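Undergrad: Below are the sequence and a predicted model; questions follow.
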Amino acid sequence: IEAVIAKEQSENLTVLKGSFVCYGGAAVLQTSNEIYGVLVTEKMEELNKQAEMFKTEPTDMVQVEVKGTITNQKDDKILWKNKVNIVEIINVRAIPQEENNVVKLGKE
């Protein structure tokens, strides 16, 4: 176990819990106190595929817990100050309906 902890510390991995959405080729992870642009990688694509199982609309957010590296390096496509490169997916689940207060616009 110590080797795993040391490896995580050397890679500066951070556990992030929050709401994730990927739409139109852009992905965002919103925690309780920060919004991160998610770097498009194979792991982000894997997370998005897992998230699809819990969505009813393409723009629905899902609850996730991931490990990743955080950076604030400038990126041509991701304009959020903070970005995360997802390294490990810990958990993916639907947001409870009472917490999902997104307003939907459209025709019935």
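TA: Nice, I can see it. Numbers count the residues shown, from 1 in each chain.
Undergrad: The lengthiest helix in the chain packs against which elements?
TA: Longest helix of the chain, by residue count under DSSP state H: helix 42-52. If contacts are counted by 3 or more CB pairs under 8 Å, 6 or more residues apart in numbering; DSSP states H and E, helix 42-52 sits against strand 14-23, strand 62-71, strand 82-94. The way it works is simple: take the backbone N, C-alpha and C, and place the C-beta from them, glycine included.
Undergrad: Low-confidence ranges, the protein, go.
TA: 1-11, 97-108 (pLDDT under 70).
Undergrad: Apart from its chain neighbours, what residue comes closest to residue 79?
TA: Distances taken as CB to CB, 6 or more residues apart in numbering put residue 37 closest to residue 79, at 7.1 Å, once the chain neighbours are dropped.
Undergrad: Ok, residue 91 next?
TA: In space, residue 91 is closest to residue 65, 4.2 Å off (CB to CB, 6+ apart).
Undergrad: Which residues are in contact with the one you found?
TA: Residues near residue 65 by CB atoms under 8 Å, 6 or more residues apart in numbering: 15-17, 90-92.
Undergrad: picking that back up, tell me the buried residues in the longest helix of the chain?
TA: Of the residues in helix 42-52, 43-44, 47-48, 50-51 count as buried by neighbour count, 16 or more other CB atoms under 10 Å.
Undergrad: Now do residue 36 against residue 53, distance only.
TA: Distance of residue 36 to residue 53, computed by CB to CB, to the nearest Å: 22 Å.
Undergrad: quick one, which of the two is more surrounded?
TA: Neighbour totals were compared for residue 36 and residue 53, and residue 36 leads with 26 against 10 (other CB atoms under 10 Å).
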